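A.B. asks: Sequence first, then the predicted structure, then my questions.
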Amino acid sequence: MTKLTKRSWAEPFKIKVVEPLRMTTREYRDEALREAGYNTFLLHSRDVYIDLLTDSGTNAMSDNQWAGMMMGDEAYAGSENFYHLEMQMQRYYGYKYLVPTHQGRGAEHLISRILIKPGDFVPGNMYFTTTRLHQELAGGTFIDVIIDEAHQPESLHPFKGNIDIQKLADAIKRVGAEHISYVTVAATVNMAGGQPISMQNLREIRKLTQQHGIKVVLDATRAIENAWFIKQREPEFAQKSIPEILHEMCSYTDAATMSGKKDLLVNIGGFLALNDFDIFEEARNLVVVYEGLHTYGGLAGRDMEAMARGMDEAVQEDHIRARIGQVEYVGERLLSIGVPIVQPIGGHAVFLDAKRFLPQIQQVEFPAQTLAAELYLESGVRTMERGIVSAGRDAKTGEHHFPKLELVRLTFPRRVYTQAHCDVVTEAVEAVYDRRESIKGMRMSYEPKYLRFFQARFDRM
Ligand code: F0G
């Protein structure tokens, strides 16, 4: 008889409500894929078995959050839940002022409109789709100043979300500090593979930008997960609590955009958080035009309450350990069978490296898009392309952006799937990996103007 050698940890919750899953046949999925133009965004959710499209708004709320939904104060103005959310944001993130928005991109829209003058530049640690588009629509140009390692799927750098301080200094010198609207810092960096930024780097960014009078705007969407990585990987923080680390991260920035649909464990919601009163005043004026009154910003009172309560749960270490532990579990199993993934394994997702998975497919024939389609066909598991389709076209030349990373994202909603689901997912990836050499690329048959990855359609070659 063999003995078990280690003590496992488990999810710090038990399941109270369940939603049935639906399994389909390969023939059925083949037809569903064709109808969806081989774009996983266009599949009906009822045709999906395990949904790893995104961790955005797909989380399971707690009984405490659902109880909060019943406490929604749906007054048009001055809702109790707004004041609760404001207090919680100040407590955990430490900014002075709160402007709720319907989700993250609502906040991105407001801050881009307020701070960017046409012709200005916005340096940042790798683009995010909606963030960059709002910067461009406001007349700005994004400059990628992330460290080179972020573009190398095999680099084991512990903080691949870091900004290259020299690149940032060069950008400031090249365009002039007065033409930089602000520096945008994402924590963690989604498009790099859910990679964290270090506290040390945040301090250096603060120092350099302060010398030039440049503001820093944090994309705090997954900042709590970033704080967890800082605790694990920066010795100075090993004994600090997640709220302490989060507070210090935010203290090096002037404002934050937030999609509450990730870290904060809700299905909808976001906010803009600010320290500067004048910018707050402008945001409070604009939110009324685009989102809703400044005490609800497009959200129902109950949604603000669920987000306020989600903050208390999101910073619990046993929650984050299980959440990131689940992602690591899948990543490590895939590594053990030789599947190429981005390393280190990120916070919210495992990213398959489609360039190495399907080396026979040229980037213009959409290897990651193809791989996401094949995975669905194989197993009903839905994932997302994060490569040339997501990168879109250059706003000036109209050419494709050719990102170095061509990835398929297996994104894990929080508190939704079990370890057995994770095993099914790894087995599905293995099955596609076994037949990888016979897979051919695709061509794009329909291309929308903005954020094309959401609605583009493809044909098989
Ligand atoms: N910033 C980051 C880093 C994000 O990942 C997202 C959304 C946003 C901003 C925009 O927030 O969706 O609430 O408007 N990411 C989702 C994803 C869509 O699947 O990664 P939103």
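C.D. replies: On my side now, so go ahead. For clarity, every value in this text was computed on a predicted model and none was experimentally measured.

A.B. asks: what's the neighbour count on the residue nearest to Tyr127 when sequence neighbours are not counted?
C.D. replies: Leaving aside its chain neighbours, Tyr127 sits nearest to Phe142 (5.4 Å; criterion: CB to CB, 6 or more residues apart in numbering). All C-beta spots, glycine's among them, are computed from the backbone N, C-alpha and C. Neighbourhood size, Phe142 [other CB atoms under 10 Å]: 19.

A.B. asks: go on, Glu225?
C.D. replies: Glu225: 25 neighbours (other CB under 10 Å).

A.B. asks: re earlier: mind checking the SS state of the residue nearest to Tyr127?
C.D. replies: Recorded secondary structure, Phe142: strand (DSSP: H, G, I helix; E, B strand; the rest coil).

A.B. asks: same check, this time on Arg309
C.D. replies: Following three-state DSSP, the label given to Arg309 is helix.

A.B. asks: Let me see the contact set for the residue in the stretch 1-150 of the chain that the ligand sits nearest to.
C.D. replies: The minimum distance from the stretch 1-150 of the chain to the ligand, using CB to the nearest ligand atom, falls at Gly104 (2.5 Å). The contact partners of Gly104, by CB atoms under 8 Å, 6 or more residues apart in numbering, come to Thr130, Asp219, Thr221, Thr257, Met258, Ser259, Gly260, Lys261, Gly270.

A.B. asks: residue contacts, Glu74?
C.D. replies: Ala300, Gly301, Arg302.

A.B. asks: Sitting in helices, which of these do you find?
C.D. replies: Gly301, Arg302 (DSSP state H).

A.B. asks: Next, format the contacts of Glu74 as CSV and append pLDDT.
C.D. replies: Formatted as CSV, the contacts of Glu74 follow (pLDDT from 0 to 100):
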residue, pLDDT
Ala300, 98
Gly301, 98
Arg302, 98
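
A.B. asks: Next, format the contacts of Glu74 as CSV and append neighbour count.
C.D. replies: As requested, the contacts of Glu74 are exported to CSV (neighbours: other CB atoms under 10 Å):
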residue, neighbour count
Ala300, 18
Gly301, 23
Arg302, 19
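
A.B. asks: Extract the C-alpha trace of stretch 374-382 and format it as PDB.
C.D. replies: Only the C-alpha atoms of stretch 374-382 are listed here, as PDB (Å, rounded to 0.1, in the frame of the first residue of the first chain):
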ATOM      1  CA  GLU A 374     -10.100  23.100 -32.500                       C
ATOM      2  CA  LEU A 375     -10.300  22.900 -28.700                       C
ATOM      3  CA  TYR A 376     -14.000  23.600 -28.800                       C
ATOM      4  CA  LEU A 377     -14.600  21.000 -31.500                       C
ATOM      5  CA  GLU A 378     -12.600  18.500 -29.500                       C
ATOM      6  CA  SER A 379     -14.300  18.900 -26.200                       C
ATOM      7  CA  GLY A 380     -16.900  21.700 -25.900                       C
ATOM      8  CA  VAL A 381     -14.300  23.700 -23.900                       C
ATOM      9  CA  ARG A 382     -14.500  27.400 -24.900                       C
END
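
A.B. asks: mean confidence score for that stretch?
C.D. replies: Average pLDDT, stretch 374-382: 98.

A.B. asks: That stretch: how far from the chain's middle?
C.D. replies: Relative to the chain's own centre, stretch 374-382 is displaced by 22 Å; criterion: CA atoms, centre = their mean, to the nearest Å.

A.B. asks: For it, which outside residues touch it?
C.D. replies: 23-24, 26, 29-30, 33, 40, 43, 47-53, 372, 383, 408, 410, 424-425, 427-429, 431-432, 439.

A.B. asks: Let me know how buried Val185 is, in neighbour terms.
C.D. replies: Neighbour number of Val185 under other CB under 10 Å is 28.

A.B. asks: where's the residue of the stretch 151-300 of the chain found nearest the ligand relative to Ile116, distance?
C.D. replies: Closest residue of the stretch 151-300 of the chain to the ligand, CB to the nearest ligand atom: Ser259 (3.1 Å). Using CB to CB, to the nearest Å, Ser259 is found at 20 Å from Ile116.

A.B. asks: which residues of this protein fall in strands?
C.D. replies: 50-51, 97-101, 121-124, 141-144, 183-186, 216-219, 255-259, 270-274, 349-353, 381-382, 384-386, 407-411, 442-446, 457-460 (DSSP state E).

A.B. asks: Relative to the first one, what are the paired strands and their orientations?
C.D. replies: Strand 50-51 pairs in its sheet with strand 381-382 (parallel), by DSSP bridges.

A.B. asks: Tell me if the strand it pairs with is near the ligand.
C.D. replies: No. Using CB under 6 Å from any ligand atom, strand 381-382 never reaches the ligand; the gap is at least 12.0 Å.

A.B. asks: before we move on, the earlier item: now the residue of the stretch 1-150 of the chain closest to the ligand. Nearest residue, chain neighbours left out?
C.D. replies: By the measure of CB to CB, 6+ apart, the closest residue to Gly104 outside its immediate chain neighbours is Ser259, 2.8 Å from it.

A.B. asks: Can you name the residues bridging to the one you found?
C.D. replies: Gly270.

A.B. asks: Distance from the chain centre to the lengthiest helix in the chain, please.
C.D. replies: The helix that spans the most residues within the chain, counting by DSSP H, is helix 317-336. Computed by CA atoms, centre = their mean, the chain-centroid distance of helix 317-336 equals 17 Å.

A.B. asks: Show me what the mean pLDDT comes to for stretch 215-231.
C.D. replies: 98.

A.B. asks: Give me the pLDDT value at the residue nearest in space to the middle of the chain.
C.D. replies: Residue closest to the average C-alpha location in the chain (CA atoms, centre = their mean): Asn190, at 4.5 Å. Listed pLDDT for Asn190 reads 95.

A.B. asks: That one: what's it in contact with?
C.D. replies: Taking CB under 8 Å, 6+ apart, one finds Phe128, Thr221, Arg222, His348, Arg386 in contact with Asn190.
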